[in-house]
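In: Mind folding the following:
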Amino acid sequence: MILADLSKIEGRRYPAGRRTQNVVGGVSPIQAKNFAVGFVTLDPNGGQVPWHNQEQEEVYFVLEGKAEMCLGSERQILTSGMAGYIPCGVFHQISNLGTTPLKMLYCYGPSGDVAHWKQELAGTLPKAGIEAPPLPEGAIRQCTDKPKE
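Out: Okay, here's the model as predicted:
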């Protein structure tokens, strides 16, 4: 039996204010061909997975907290126990609206790395409204900050 234990998976910090820990795929001991799963903690007051798209379809599931989720031209509030479906290729973003950390899961398939992780770490994410479609009206701005050295 192969197990993944979040208490032993360090994960990675991202400039947009989050920590991502791979549960299935990435550096996790559990590898699958058809899907990847991760546990994400968004920092209080705006931590986010910034505006991006990818070839895989995906689901964000909020475990604790309150988030703004943007998908294409739509903008919705997600709270604990809610999931949002993300079709292949559609730009999306999720931001923490609360003053405490937001905890969520992602699941996408098929498995494999997604480009936005490397782009965010390099400070090269496509900018909303310039190199990518604009965010929905009233949305929290996309974080395109470069990592602090």
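
In: beta partners of the most centrally placed residue in the chain?
Out: With distances taken as Cα atoms, centre = their mean, Val49 lies nearest the centre of the chain, 3.8 Å away. Counting by DSSP bridges, Val49 is bridged to Ile94.

In: Please shift the residue numbers so they start at 11 in all later answers.
Out: With the count now opening at 11, the last piece we talked about shows up as Val59.

In: quick one: contacts for the residue lying closest to Glu74 once chain neighbours are set aside?
Out: Distance criterion Cβ to Cβ, 6 or more residues apart in numbering; nearest residue to Glu74, sequence neighbours excluded, is Lys113 at 4.4 Å. For every residue, glycine as well, the C-beta is placed using N, CA and C. By Cβ atoms under 8 Å, 6 or more residues apart in numbering, the contact set of Lys113 is 49-52, 72-75.

In: so the residue nearest to the centre of the chain makes contact with Ala26?
Out: Yes. Here Val59 lies in contact with Ala26, judged by Cβ atoms under 8 Å, at a distance of 6.8 Å.

In: tell me the strands in the protein, going along the chain?
Out: In the chain, the segments counted as strands under DSSP state E are 22-24, 28-34, 46-52, 58-62, 67-74, 76-81, 84-89, 93-96, 102-106, 112-119.
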